[in-house]
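Engineer: sequence unknown, structure follows:
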Ligand code: IFM
């Protein structure tokens, strides 16, 4: 039995769980009446994902969910964060509802509750119905209403049993990598479209929050999940300090300021062409009252310096020498999580915070003895959970922690080449093998 120095001891009621997302694990892409999503279209477009990988089968969770919930129970998970595939519930994104899609999530929720695992549902984890992309996708304001309708359908169905609702996962990622850099679906490279998409996600959060409150249980809690990172300047020079501040405005304050202060960050708004944003007067009003909890996904920090003639922000990324990097090339920097939590609490004061994703990809190897000895991931999780605990001790209202991810899965443009799971998936057989980190996490939860 490991001693308490192997993991932090969290207060009673603190939730320890794991997270996944629909397109990354479900598979069953053409089953049960599911409609096409932008990730089906994107991953089937040559050259968009690593070796042409798609989520057609993924972890086959669509068929293996009972086994996966047993696995969660064996690991002792107290909560499970998963997303709903919009196009499983509404194949065209609006209009007709697909009962088989709702049934799938219905059974999943019941099975989780039977095992005493609290469901945290994300309504949107990037898999927009393709037919809504054909209407222009998130830059089209009509999507705000379609999203609210979809949220209402799901919450009317599951709201008697599900308490924690997350509207969006990482709107920064799907807006800016989906519409500006083109690395993610729908693969566009259009700055005004990206800024408009990000804005509509904020407005949609507000109206979906209203729907969740209208149709959910009295105890329903609404959250939104942001990918946030500590940003440090590369040197002490004024130019680098200002560059780091601009990048912080783009990555962190672009969503935090509207959500909690009702306005965009003034310094970076014009740099991204904010003056051309199409908006209505009350779009950002009252968003703070529609956030019961903030979900933070954090993996690494950014070290940023000034780079001349590098629009729109004139920044360049630096990789500190001597640091440890994961298989994604992300710096292992637990101190960044601690500082980020303290800063978000100080500057924005969300009522509650959950770490909704944290974890690491490493090149795991399935050994001849059938095990996966991922000590590097254990060290990562230890360091980050201790950092989170330190923030909690200093007054940050941290209520839970979700490891990313329960299973190895489809890592978007990287396909299956990156493994984030605490459970190894042998994609040839779909066998699940609990990694050493999974055993460690089970002990940690049991040791609370
Ligand atoms: O796999 C993703 C997830 O879908 C969103 N947050 C970051 C993870 C790792 O890249």
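Structural biologist: Sure thing, it's come through. None of the values given here were measured: they were computed from a predicted structure.

Engineer: for this protein, just list every one of the strands.
Structural biologist: 15-19, 79-83, 118-124, 164-169, 221-227, 231-233, 293-297, 302-306, 315-317, 353-358, 398-404, 423-426, 431-434 (DSSP state E).

Engineer: and the first one, which residues are buried?
Structural biologist: Right, strand 15-19. For strand 15-19, the neighbour count (16 or more other CB atoms under 10 Å) marks 15-19 as buried. Where you see a C-beta, it was placed from the backbone N, CA and C, and this is true even at glycine.

Engineer: distance to the ligand and pLDDT added to those, as TSV?
Structural biologist: Output for the buried residues of strand 15-19, formatted as TSV (distance: CB to the nearest ligand atom, whole Å; pLDDT from 0 to 100):
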residue	distance to the ligand	pLDDT
15	19	98
16	18	99
17	15	99
18	12	99
19	8	99
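
Engineer: turn the strands of the chain into TSV, columns for distance to residue 443.
Structural biologist: Formatted as TSV, the strands of the chain follow (distance: least, CB to CB, whole Å):
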stretch	distance to residue 443
strand 15-19	11
strand 79-83	18
strand 118-124	20
strand 164-169	25
strand 221-227	27
strand 231-233	34
strand 293-297	24
strand 302-306	33
strand 315-317	37
strand 353-358	18
strand 398-404	14
strand 423-426	15
strand 431-434	12
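
Engineer: which among these is found nearest to residue 34?
Structural biologist: Shortest distance between residue 34 and the strands of the chain, using CB to CB, is found for strand 79-83: 13.6 Å.

Engineer: average pLDDT across that closest one?
Structural biologist: Averaging pLDDT along strand 79-83 gives 99.

Engineer: which residues sit against that strand?
Structural biologist: Identification of contacts with strand 79-83 by CB atoms under 8 Å, 6 or more residues apart in numbering yields 15-22, 72, 108, 112, 117-125, 127, 164, 166, 169, 356, 400, 402, 406.

Engineer: give me the pLDDT value at the residue nearest the centre of the chain.
Structural biologist: Centroid-nearest residue in the chain, with CA atoms, centre = their mean: residue 169, separated by 4.3 Å. Model confidence at residue 169, given as pLDDT, is 98.

Engineer: next, count neighbours for the closest residue to residue 45 other than its chain neighbours.
Structural biologist: Counting by CB to CB, 6 or more residues apart in numbering, residue 187 is the residue found nearest to residue 45 once chain neighbours are left out, at 7.2 Å. Residue 187 has 18 neighbouring residues, counting by other CB atoms under 10 Å.

Engineer: residue 384 reaches residue 358, doesn't it?
Structural biologist: Yes. If you go by CB atoms under 8 Å, residue 384 and residue 358 touch, sitting 5.3 Å apart.

Engineer: between these two, which contacts overlap?
Structural biologist: Common neighbours of residue 384 and residue 358 (CB under 8 Å, 6+ apart) are 298, 337.
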